[in-house]
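> the sequence and its predicted three-dimensional model are supplied below.
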Amino acid sequence: MEFESATHMFWWIFVGSKGGVMRMKIVISLKDFPQNANQLAQNLGVNYRTVMHHLNILEENGIVKSEGPKYGKVYFLTDLFMKNFDLFEKITERVRRP
């Protein structure tokens, strides 16, 4: 999917599509420190396959990048994400409001 702006992409990834809340949790967890999919699954209390599904979406859209061999891949937040961190915070604020 092509987006007209980072704002459009962030809203779609984190709010406009199913699984946005889980993707927010993954990104927040990765902001603390890089992790592999097993670590993320354990830290978030969810299934490994769930984490992998969302990591793939985040990686395809340039939010995270991975380094390392197949099962030992470690995921990091990208420069694109960090440049738009204020936008991410605004989005999470809106989602948290009752």
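On my side now, so go ahead.

> show me where pLDDT drops low in this structure?
Judged against pLDDT under 70, the low-scoring parts of the chain cover residues 1, 97-98.

> can you show me the strands along it?
Remark: strands of the chain, listed N- to C-terminal, are 35-36, 64-67, 74-77; assignment by DSSP state E.

> reformat these as JSON lines; add distance to residue 28 and mean neighbour count.
For glycine as for every other residue, the C-beta is placed from the backbone atoms N, C-alpha and C. Rendered in JSON lines, the data for the strands of the chain read as follows (distance: least, C-beta to C-beta, whole Å; neighbours: other C-beta atoms under 10 Å):
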{"stretch": "strand 35-36", "distance to residue 28": "12", "mean neighbour count": "18"}
{"stretch": "strand 64-67", "distance to residue 28": "12", "mean neighbour count": "17"}
{"stretch": "strand 74-77", "distance to residue 28": "10", "mean neighbour count": "18"}
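
> tabulate the ones you listed (CSV), appending distance to residue 96.
As requested, the strands of the chain are exported to CSV (distance: least, C-beta to C-beta, whole Å):
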stretch, distance to residue 96
strand 35-36, 23
strand 64-67, 22
strand 74-77, 20
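
> so which of those strands gets nearest residue 56?
Smallest distance to residue 56 across the strands of the chain (C-beta to C-beta): 9.6 Å, for strand 64-67.

> elements contacting that closest one?
Counting by 3 or more C-beta pairs under 8 Å, 6 or more residues apart in numbering; DSSP states H and E, the packing neighbours recorded for strand 64-67 are helix 20-32, helix 48-60, strand 74-77.

> of all these, which lies closest to residue 40?
helix 48-60 (4.8 Å).

> could you dump the helices and strands packed on strand 64-67 into TSV and include distance to residue 42?
As requested, the helices and strands packed on strand 64-67 are arranged in TSV below (distance: least, C-beta to C-beta, whole Å):
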stretch	distance to residue 42
helix 20-32	11
helix 48-60	9
strand 74-77	14
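
> thank you kindly, that will do.
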